[in-house]
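Colleague: Give me coordinates for this.
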Amino acid sequence: MTATRVQVQRKVDVGRLKQAVAKTMADVARTLPETPTRKELAKWSVALPHLAIVATDLKDWLTDEDVFWPSNSLGAYYHKQAAYKSAQSWLELSLDVTQQRLGDRHVDVAAALNNLASVHDALGYYAEARSLFVRALDIIRAAQGDRHEDVATALNNLASLSKAEGNYVEAERLFLEAIKLRTELFGATSIDVAISLNNLADLYQIQGKVDDAESLYLKALDVITGLLGESHPTTAIFMSNLAGVHMNQLRYQEAEGLFRKSLKVLRKAHGNHHPSVAMTLNNLANLYHTQEKPKKAESLLTESLGILWYRLGDRHPDVAVSLGNLAAFYKEQGR
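Modeller: Numbers count the residues shown, from 1 in each chain. Okay, the predicted model is just below:
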C-alpha cells in the first residue's frame, strides 16, 4: 500500500509540474512585442524551444485562457522574421487547438483566424486570406460589437487585402472606416491611427493621388516618429513610403536621403535578408534608374530580387513585380 501511495503522489506532482510549465510559458508567450526590434527578437528567441514543447506536447495542460498563446506567439515570431511558412504552420496549429478547446465563435478563435490570414496575405494567398479575415470580423462583431479595437484591426486588414487585390474603392472605404474608429478609440496621435493613415496613403500613391498621399504620409510619419523614434523599423517603412512620393514629385535628392536612411534602419533592425529591406532596395533602384545611374540600379534590383525570391518563393506577387522591374531595366539597356 505504501508503494502505491508514493506512485500516485508522484503522478500528481508530475501533473502539477506540467501545468506550471505550461502556465509559465503561456505568460512568456504574451510578452512578444507587437513591433519588436531585432535585438528584442533575439532576446525573446531563447524561449522558442520551450514554447514549442508546450504548444505541442503540453497543450492539453494549458488552461482555456492560455491555450491560444504558445502556438500563436511562435507563429507571430516567425511572421515578424518573414519566415512565413514556419509562421503558417504554427498559426494553423493555433487555430486548430483554440477552436477545438473554445468552439468556433470565441474571440481567441477570431484572433487566430486574423493572424493566419495575415500570413496568407503576406504569402500572396489572397483568396484564403479574405475568407479568414471575413470570418474573424464576423466573430468579433458578434462578440464585442461594432466599436471595438479588434473590429478596427480587422477592417484595416481587409482594406490592405483589398488594395493588394486591386479593389481600390473597397480598400478606401474600409481604410476610412478603420481610421474613424481608431481615432475615436485611441485619439488622432496613436500608433494604430498612424498605421491606417500610412496604409491609406499607400493606396492614394498607387492611384496617382500624389498630393493626398504626401499629406497622409507626412502626418503618419510625424505621429510614428514621436511615438517610436527615428530608429524604429516601422518609422523606417514610413520614411521609405514618403520617399516614393518625393520620387514621383521629381524631388530626387530628398527621396534618396529618405531611402538611404530607411534602409540603414531596416538593415539594423531586420538584417540584410528581410522583405522590407528588399522593397526599399527596389525603390532606391527605381530612383537610380530614373536618374540614369544604371550600375547602381542593376546592383540593387538584383539584390532585392534575390531576397524576395528566397523569402517568398517564385510565385509571390512581390517577386513578380521585382522580376518585372529587372526585366524592364534590361530591356531598356538593350540586354
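Colleague: Lowest-scoring secondary structure element of this structure by mean pLDDT?
Modeller: Scoring the helices and strands of the chain by mean pLDDT, DSSP states H and E places helix 2-29 at the bottom, with a mean of 76.
Colleague: what about Ala328, neighbour count?
Modeller: 13 (other Cβ atoms under 10 Å). Every residue, glycine included, has its C-beta placed from N, CA and C.
Colleague: That one sits in which helix or strand?
Modeller: Using DSSP states H and E, Ala328 sits in helix 317-332.
Colleague: who touches that helix?
Modeller: 124, 164, 275, 278-279, 282, 285-286, 289, 294, 297-298, 301-302, 304-305, 308-309, 312-313 (Cβ atoms under 8 Å, 6 or more residues apart in numbering).
Colleague: at 10 Å what do you get?
Modeller: 122-124, 126, 164-165, 275, 278-279, 281-283, 285-286, 288-289, 294, 297-298, 301-302, 304-314, 316, 335 (Cβ atoms under 10 Å, 6 or more residues apart in numbering).
Colleague: Report the mean confidence score over the next helix or strand after the least confident helix or strand of the chain.
Modeller: Beyond helix 2-29 on the C-terminal side, the first helix or strand identified by DSSP H and E is helix 38-44. Averaged across helix 38-44, pLDDT comes to 83.
Colleague: now for the helix or strand following helix 38-44, which elements pack on it?
Modeller: Downstream of helix 38-44, the first helix or strand assigned by DSSP H and E is helix 48-56. Under the contact definition 3 or more Cβ pairs under 10 Å, 6 or more residues apart in numbering; DSSP states H and E, helix 48-56 sits against helix 2-29, helix 69-80, helix 84-102.
Colleague: The second one vs helix 48-56, what angle?
Modeller: For helix 69-80 against helix 48-56, the angle between stretch directions is 130 degrees (axes from the mean of the first three to the mean of the last three Cα atoms, to 10 degrees).
Colleague: for Gln205, what are its contacts?
Modeller: Asp212, Ala213, Glu214, Leu216, Tyr217, Asn241, Leu242, Gly244, Val245, Asn248.
Colleague: Then Gly15?
Modeller: Trp61.
Colleague: do you know how far it is from Lys59?
Modeller: Separation of Gly15 from Lys59 (Cβ to Cβ, to the nearest Å) stands at 14 Å.
Colleague: One more: Ala285?
Modeller: 46 Å.
Colleague: Over to Asp150?
Modeller: Counting by Cβ to Cβ, the separation of Asp150 from Lys59 is 24 Å.
Colleague: repeat for Ala26
Modeller: According to Cβ to Cβ, Ala26 and Lys59 sit 10 Å apart.
Colleague: how distant is the helix or strand harbouring Leu132 from the center of its chain?
Modeller: Secondary structure assignment for Leu132, by DSSP H and E: helix 126-144. Offset of helix 126-144 from its chain centre (Cα atoms, centre = their mean, to the nearest Å): 17 Å.
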